[in-house]
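> Quick one: sequence and predicted model below, then my questions.
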Amino acid sequence: MVSYKELGLVNTREMFAKAIKGGYAIPAFNFNNMEQLQAIIKAAAETKSPVILQVSKGARNYANQTLLRYMAQGAVEYAKELGWEKPQICLHLDHGDSFELCKSCVDFGFSSVMIDASSLPYEENIALTKKVVDYAHQYDVTVEAELGVLAGVEDEVSSAVSHYTKPEEVVDFATRTGCDSLAISIGTSHGAYKFTPEQCTRDPKTGKLVPPPLAFDVLDAIMEQLPGFPIVLHGSSSVPQEYVDMINAMGGKLPDAVGIPEEQLRKASKSAVCKINIDSDSRLAFTAAVRKVLTEKPGEFDPRKYCGVARDFMEELYKHKIINVLGSDGKA
Ligand SMILES: [Zn+2]
């Protein structure tokens with residue numbers, strides 16, 4: 001048993017309370033390699049933003065859970081080296097799908113876990129979420145739960161259709177589970193293909209897809225039911241067209257990739273939405289950089305030369321999200 005407190009990490013409780021009061025959202029960036037972690041920590045340290053490092057089940061399989069834990073511990077020390085005296089860094093399990101997985105993360109130094117039982121029937125979702133909460137709270141680890149179903153594909157999480165969260169269920173769910181935050185479905189979606197062309201309209205000038213707007217009426221109804229309760233948005237990459245265009249121009253093939261417009265995420269950040277998950281955008285930034293370097297310099301074979309540029313691209317992206325979309329700069 002390792003406590004996250006020994007590693008210098010923090011849970012989400014205070015982060016979220018401040019974010020709701022302050023009208024901003026905490027960035028939750030997924031990571032699974034060193035360059036990505038360096039970019040996240042540099043961006044957070046330089047902008048003085050609290051940050052949530054997210055590890056999915058797929059990332060644990062890819063990078064090894066022991067290595068990831070020590071990387072997060074190293075991230076705290078790296079942040080201090082960068083001049084961030086009291087880093088506000090949370091290590092969070094993204095989409096935990098069983099009690100055993102969540103327990104193993106709590107025992108292993110995570111400061112926050114998500115139990116995603118949203119695909120189960122309502123009463124089973126409550127029972128499993130409560131079981132995780134009861135265990136995690138003994139160690140002051142915070143728990144995110146999910147109600148409603150997002151569409152899209154993210155690692156092993158996928159669903160063909162979405163179901164908006166039902167506002168009439170949230171009070172009962174939050175009360176009976178004791179969860180610390182709630183991921184809801186209001187039209188965000190996992191992956192780089194959030195909407196089919198049939199769900200979108202097309203901009204007559206550029207020919208680009210324009211996605212349907214988020215269901216802010218559902219968010220408002222949820223906030224009315226649960227005033228001041230921390231809300232989480234998954235699947236909130238905006239799929240920047242400059243990266244998609246760069247990838248496509250350099251031999252890639254991402255037709256009609258489309259995300260959530262940043263103005264809508266900015267608007268959500270000012271509400272009780274206090275955690276916004278961004279994964280696909282950094283994958284796109286990384287891939288755009290690697291394609292660019294290898295296309296422009298076909299003789300290059302030192303991975304540091306293209307992974308280094310990828311790291312720079314991701315750092316820029318993270319800073320942009322923190323400052324211009326989530327508004328969490330200067331809050332840590
Ligand atoms: Zn998610």
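That came through, no problem.
> mind listing what's buried in stretch 120-129?
125, 126, 128, 129 (16 or more other CB atoms under 10 Å). C-beta: built from backbone N, CA, C; applies to glycine.
> same deal with stretch 205-212?
Of all the residues in stretch 205-212, those buried under the rule 16+ other CB under 10 Å are 209, 211.
> got it, and stretch 278-296?
Buried, per 16+ other CB under 10 Å, within stretch 278-296: 278-294.
> cool, and stretch 74-89?
For stretch 74-89, burial by neighbour count (16+ other CB under 10 Å) applies to 75, 76, 78, 79, 84, 87, 88, 89.
> circling back: among the buried residues of stretch 120-129, which one sits closest to residue 180?
Using CB to CB, residue 129 comes nearest to residue 180 of those, at 10.8 Å.
> So which bits of stretch 228-236 are buried?
229, 230, 231, 232, 233, 234, 235, 236.
> what kind of secondary structure is the fourth one in?
Think residue 232. With DSSP: H, G, I helix; E, B strand; the rest coil as the basis, residue 232 sits in strand.
> what does the first one give?
With three-state DSSP as the basis, the three-state label of residue 229 is coil.
> residues in contact with it?
Residue 229 sits next to 170, 174, 181, 182, 223, 272 when contact means CB atoms under 8 Å, 6 or more residues apart in numbering.
> could the buried residues of stretch 120-129 be laid out in JSON lines, adding secondary structure?
Formatted as JSON lines, the buried residues of stretch 120-129 follow (three-state DSSP):
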{"residue": "125", "secondary structure": "helix"}
{"residue": "126", "secondary structure": "helix"}
{"residue": "128", "secondary structure": "helix"}
{"residue": "129", "secondary structure": "helix"}
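> Reformat those residues as TSV; add distance to residue 204.
As requested, the buried residues of stretch 120-129 are exported to TSV (distance: CB to CB, whole Å):
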residue	distance to residue 204
125	43
126	47
128	48
129	46
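> Would you point out the most distant pair within the residues you listed?
The most widely separated members of those are 126 and 128, with 7.6 Å between them, by CB to CB.
> how close does residue 114 sit to residue 105?
Per CB to CB, to the nearest Å, residue 114 is found 10 Å from residue 105.
> From the centroid of this protein, which residue is nearest?
residue 277 (2.1 Å; CA atoms, centre = their mean).
> That one: which element?
strand 273-278 (DSSP states H and E).
> so what secondary structure elements neighbour that strand?
Using 3 or more CB pairs under 8 Å, 6 or more residues apart in numbering; DSSP states H and E, the elements in contact with strand 273-278 are helix 13-22, strand 26-30, strand 231-233, helix 262-269.
> Nearest to residue 302, out of these?
Distance to residue 302, taken as CB to CB, is lowest for strand 26-30 among these, at 26.2 Å.
> Tell me the helices and strands packed up against the helix or strand that comes right after that closest one.
As assigned by DSSP H and E, the chain's next helix or strand after strand 26-30 is helix 34-47. Counting contacts by 3+ CB pairs under 8 Å, 6+ apart, helix 34-47 is packed against strand 26-30, strand 51-56, helix 65-81, helix 280-296, helix 303-320.
> Would you map the helices across the stretch 51-200 of the chain?
Secondary structure of the stretch 51-200 of the chain (DSSP state H, counting those that start in this stretch): helices at 57-63, 65-81, 99-107, 122-137, 170-177.
> right, and those helices - which one's nearest residue 9?
helix 65-81 (6.5 Å).
> hmm, back to that, reformat the buried residues of stretch 120-129 as CSV; add pLDDT.
As requested, the buried residues of stretch 120-129 are exported to CSV (pLDDT from 0 to 100):
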residue, pLDDT
125, 97
126, 98
128, 98
129, 98
